[in-house]
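Asker: no letters, just coordinates:
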């Protein structure tokens, strides 16, 4: 009986401690922006995850721990679980040349874009559809190097690969199994000069399609310059929806 009485005596204390509310402040700020190509003003497309991290250093701490989150595949980023204050913010590990941190004061959800120089600019110039019932689709695209930022050097040969990617879902990327191998094409460009690659309009078929079915495609290109030798980030076009004729 004494043991039972003791349990009932302790139980209210346990319940009280379980339901006590903490007195910590809730996050009251955030950052919302886009990675912008410094030369064209267009978004820098990537993938999510493994495309680009946004790193924040909270300057209210003497030795802050980096806070990181992934940018989205369309080049935008957003994190609204932050606290008001001053931060050093850096886009990092992306398909672009390194950039310096920028000081940002967060109060509420703060808009802040970053201008970066992508390694490569990949553009879909035209999508050519075959006759009805043929299920034939050809993608014409170009690859260009960006102007190397001042103070940085790269070799004459840096463009190593292009990939025409296809998926039945709107998430399309080289990694994370986000493409269908039998519908996609890889072109090895390591033996071609960058000048010859930049002078061409490539034409790749989207393979093994089924007539009338919806697909999602995009083109990726890989720079092998020293700034991308470890992470091997691809530059991408936007994802485009197609229906096989």
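Answerer: On my side now, so go ahead. Since the model is a prediction, treat every value here as computed from it, not as a measurement.
Asker: where does pLDDT dip in this protein?
Answerer: Along the chain, segments meeting pLDDT under 70 span 1-24.
Asker: what's the domain layout of this protein?
Answerer: By the assignment in automatic domain parsing, the chain contains the domains 29-116, 120-243.
Asker: any idea how far the last one is from the chain center?
Answerer: The chain centroid and the centroid of domain 120-243 are separated by 15 Å under Cα atoms, centre = their mean, to the nearest Å.
Asker: ends of that domain, how far apart?
Answerer: Criterion Cα to Cα, to the nearest Å; first-to-last residue distance in domain 120-243 is 28 Å.
Asker: ok, stretch 103-119 next?
Answerer: 24 Å.
Asker: again, but for stretch 154-162
Answerer: With Cα to Cα applied, stretch 154-162 spans 19 Å between its terminal residues.
Asker: other residues contacting that stretch?
Answerer: Residues external to stretch 154-162 that are found in contact with it (Cβ atoms under 8 Å, 6 or more residues apart in numbering): 119-120, 122, 141, 143, 145, 148, 186-190, 192-194, 197-198, 202, 219-227. For the C-beta atoms, the positions are set from N, CA and C on the backbone; glycine is no exception.
Asker: circling back: take the domains of the chain and write them to CSV, including mean neighbour count.
Answerer: As requested, the domains of the chain are exported to CSV (neighbours: other Cβ atoms under 10 Å):
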stretch, mean neighbour count
domain 29-116, 17
domain 120-243, 17
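Asker: hang on, residue 196 in a helix?
Answerer: Yes: counting by DSSP: H, G, I helix; E, B strand; the rest coil, residue 196 is part of a helix.
Asker: phi, psi of the closest residue to residue 238 other than its chain neighbours?
Answerer: Leaving out its chain neighbours, the residue that sits closest to residue 238 by Cβ to Cβ, 6 or more residues apart in numbering is residue 45, at 5.8 Å. Dihedral pair for residue 45: phi -80, psi 140, per degrees, to the nearest 10.
Asker: begin at 27, not 1, for the rest of this chat.
Answerer: Fine by me, first position is 27 from now on; the one you just mentioned is residue 71.
Asker: can I assume residue 71 is in contact with residue 97?
Answerer: No: applying Cβ atoms under 8 Å as the test, residue 71 and residue 97 come out as separate, 10.1 Å apart.
Asker: which SS state does the nearest residue to residue 216 once chain neighbours are set aside fall under?
Answerer: Closest residue in space to residue 216, ignoring its immediate chain neighbours: residue 186 at 4.9 Å, by Cβ to Cβ, 6+ apart. Assigned by three-state DSSP, the conformation of residue 186 is strand.
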